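# A structural model of the following input is requested.
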Amino acid sequence: MTEIYYDPYDFDIDADPHRVWRRMRDEAPLYRNDKYEFWALSRFEDVEPALADWRSYSSARGTVLELLRADVQIPPGTILFEDPPLHDAHRSLLARLFTPRRIAEIEPQVRAYCANSLDPLVGGDGFDFIAHLGSQMPMRVIGMLMGIPEEDQEELRDNIDAGLSLEAGEPGGDPAGLGGDGPLFPTGRFQEYIEWRRKNPSDDLMTELLNARFKDDEGVERTLRDDELLSYIGLLAGAGNETTTRLIGWTGYLLDRFPEQRRLLAADRSLVPNAVEEILRYEAPSPIQARYVMRDVELYGTHIPEGSTLVLLNGSANRDEREFEDADRLDVRRKNIHHLSFGYGIHFCLGASLARLEGCVALDEVLMRWPEWEVDHDRAEMARTSTVRGWKSLPVRV
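Okay, here's the model as predicted:
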């Protein structure tokens, strides 16, 4: 049998990492990649507690492998890349904005975006889950919530996609541009939005962020500084687009691969919310999380020194046969789906309820128009990044 090799930058592996992840779970639950100098955990029983153990496995230096390797200075307010107490102060502010009531209130607008995208395609011979839906609706929704001008939304989304893309399977140094004026942190553009909203307040998240008061990690009550505001806006604009786009793409792909499951949904659309959870379990939009090891630890009898990089494969954990019965089968009726696609612990995704809403609405609206579809595999194309995984284009025939 060949030696196990896992490389997040290898396009051939990325096309179907589940085969190598299965071998890692069975044969090397603690895996070492010497080329990129990281350790990796792949079993659910290991990944779940490690995601929650921020004292041992820190997010403060970045959760993307390239960022840890490049030792990039993370701007304040990027809560994905913070630990307590700073993380708690910043997250509590955002949690006040992403309330269940606010998310529920925007469902009619989300449906309207879907209808506007899909109705012109009815009667044709097909559509693209990404070009016509996945890349459009999330961008419009987060743009509406943030108050980002509509004419700028597509450019920002395209910049984010370009910043995360890999070329020829090689890692970049600072993929998001967090160290400067990059796609997830375009300071000049976002500064213009902030200044405009200061003079023209509105009913949007940007205005609320400008005015919100909170206690920082030193116990001082204040509003956000401009550098923190810039990070918040960049984070929300990026996270609100990329992973939801991947979820919608996987929805189209998997329900073609498992047509009997699609037919169950077409016959009973009350199953849609559970189906979205099962799709999230089956193919995590962000399946790889990197951490900086804060203290010497021992895993599977191996000493992992402080300063090491540990990769947590939540995408592998979601398909662990030790946790999920018949894990490689998509089952839209599966009960008690405790997946790790939104993370776990203090870094559980704040936008999970928004992503779920968009995923459910998108699937429901597609099924309303097309109960059957078939992926055009010759024209489908995967996006290539080291942290999010999914489709760049997914044309289907109807």
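# Tyr292 in helix, strand or coil?
Following DSSP: H, G, I helix; E, B strand; the rest coil, Tyr292 is assigned to strand.
# Tell me who's in contact with it.
Contact analysis of Tyr292 by C-beta atoms under 8 Å, 6 or more residues apart in numbering lists 57-62, 68, 307-310. The C-beta positions use only the backbone N, C-alpha and C, and glycine is treated the same way.
# what's across from it in the sheet?
On the basis of DSSP bridges, Tyr292 is bridged to Ser58, Thr309.
# ranges for the helices of the stretch 201-350 of the chain?
205-211, 226-257, 259-267, 272-282, 314-317 (DSSP state H, counting those that start in this stretch).
# Could you measure from the residue positioned nearest the centre of the chain over to Ser341?
Centroid-nearest residue in the chain, with C-alpha atoms, centre = their mean: Thr243, separated by 3.4 Å. Look at Thr243 and Ser341: by C-beta to C-beta, to the nearest Å, they are 9 Å apart.
# Run through the stretch 151-300 of the chain and note the low-pLDDT ranges.
151, 153-188, 240 (pLDDT under 70).
# Let's test this: what are the backbone torsions at the nearest residue to the residue nearest to the centre of the chain once chain neighbours are set aside?
Nearest residue to Thr243, sequence neighbours excluded (C-beta to C-beta, 6 or more residues apart in numbering): Pro285, at 4.1 Å. The phi/psi pair for Pro285 (degrees, to the nearest 10) reads phi -60, psi -30.
# Please name the residues that touch Ala352.
Phe342.
# For stretch 36-49, list the C-alpha coordinates in PDB.
Taking Å, rounded to 0.1, in the frame of the first residue of the first chain, the C-alpha atoms of stretch 36-49 are listed here in PDB:
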ATOM      1  CA  TYR A  36       4.700  22.400   4.700                       C
ATOM      2  CA  GLU A  37       5.600  21.600   8.300                       C
ATOM      3  CA  PHE A  38       2.100  21.000   9.800                       C
ATOM      4  CA  TRP A  39       0.400  18.300  11.900                       C
ATOM      5  CA  ALA A  40      -3.200  17.300  11.100                       C
ATOM      6  CA  LEU A  41      -6.100  15.800  13.000                       C
ATOM      7  CA  SER A  42      -8.900  14.100  11.000                       C
ATOM      8  CA  ARG A  43     -11.200  12.300  13.400                       C
ATOM      9  CA  PHE A  44     -14.300  13.800  14.800                       C
ATOM     10  CA  GLU A  45     -13.400  12.900  18.400                       C
ATOM     11  CA  ASP A  46     -10.200  14.900  18.000                       C
ATOM     12  CA  VAL A  47     -11.200  17.800  15.800                       C
ATOM     13  CA  GLU A  48     -14.300  18.900  17.800                       C
ATOM     14  CA  PRO A  49     -12.500  19.400  21.200                       C
END
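# Next, the buried residues of that stretch.
Residues of stretch 36-49 classed as buried: 36, 38-44, 46-48 (neighbour count, 16 or more other C-beta atoms under 10 Å).
# now swap in stretch 228-247 and tell me
Of the residues in stretch 228-247, those buried (16+ other C-beta under 10 Å) are 228-247.
# I'd say the residue nearest to the centre of the chain and Ala355 touch.
Yes. At 6.5 Å, Thr243 counts as touching Ala355 under the criterion of C-beta atoms under 8 Å.
# which SS class is Gly123?
Quick answer, by three-state DSSP: Gly123 is coil.
# That one: neighbour count?
8 (other C-beta atoms under 10 Å).
# And it, how close does it get to Tyr113?
Distance from Gly123 to Tyr113, by C-beta to C-beta: 20 Å.
# Kindly supply the ChimeraX command isolating those of the contacts of Tyr292 that are buried.
To isolate the buried ones among the contacts of Tyr292 in ChimeraX, judged by 16+ other C-beta under 10 Å, type:
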select :57,58,59,60,61,62,68,308,309,310
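# My guess is Leu236 contacts Ile142. True?
Yes. In this structure, Leu236 is within contact of Ile142 by C-beta under 8 Å, at 6.5 Å.
# Go ahead and confirm Glu306 touches Arg295.
Yes. Glu306 lies in contact with Arg295 (C-beta under 8 Å); the separation is 5.3 Å.
# Now do the same contact list for Glu150.
Contacts here follow C-beta under 8 Å, 6+ apart; on that basis Glu150 touches 140, 143.
# Kindly recompute the last result at 7 Å.
Residues in contact with Glu150 (C-beta atoms under 7 Å, 6 or more residues apart in numbering) are Gly143.
# and the gap between it and Leu310?
41 Å.
# Over to Asp71?
Counting by C-beta to C-beta - Asp71 and Leu310 are separated by 16 Å.
# and what of Arg397?
With distances taken as C-beta to C-beta, Arg397 is found 43 Å from Leu310.
# And Phe38, by the same measure?
Phe38 is 7 Å from Leu310, by C-beta to C-beta.
# helix, strand or coil for the residue nearest to Leu121 when sequence neighbours are not counted?
In this structure, Leu121 finds its nearest non-sequential neighbour in Phe127, 4.5 Å apart by C-beta to C-beta, 6+ apart. When classified by three-state DSSP, Phe127 comes out as strand.
# Reformat the buried residues of stretch 36-49 as CSV; add distance to Glu325, pLDDT and secondary structure.
Output for those, formatted as CSV (distance: C-beta to C-beta, whole Å; pLDDT from 0 to 100; DSSP: H, G, I helix; E, B strand; the rest coil):
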residue, distance to Glu325, pLDDT, secondary structure
Tyr36, 34, 94, coil
Phe38, 31, 97, strand
Trp39, 29, 98, strand
Ala40, 25, 98, strand
Leu41, 22, 98, strand
Ser42, 18, 98, coil
Arg43, 16, 98, coil
Phe44, 13, 98, helix
Asp46, 19, 98, helix
Val47, 18, 98, helix
Glu48, 17, 98, helix
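# Let's have those residues in TSV, adding distance to Arg96.
Converted to TSV, these look like this (distance: C-beta to C-beta, whole Å):
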residue	distance to Arg96
Tyr36	39
Phe38	36
Trp39	37
Ala40	36
Leu41	33
Ser42	36
Arg43	36
Phe44	32
Asp46	34
Val47	30
Glu48	27
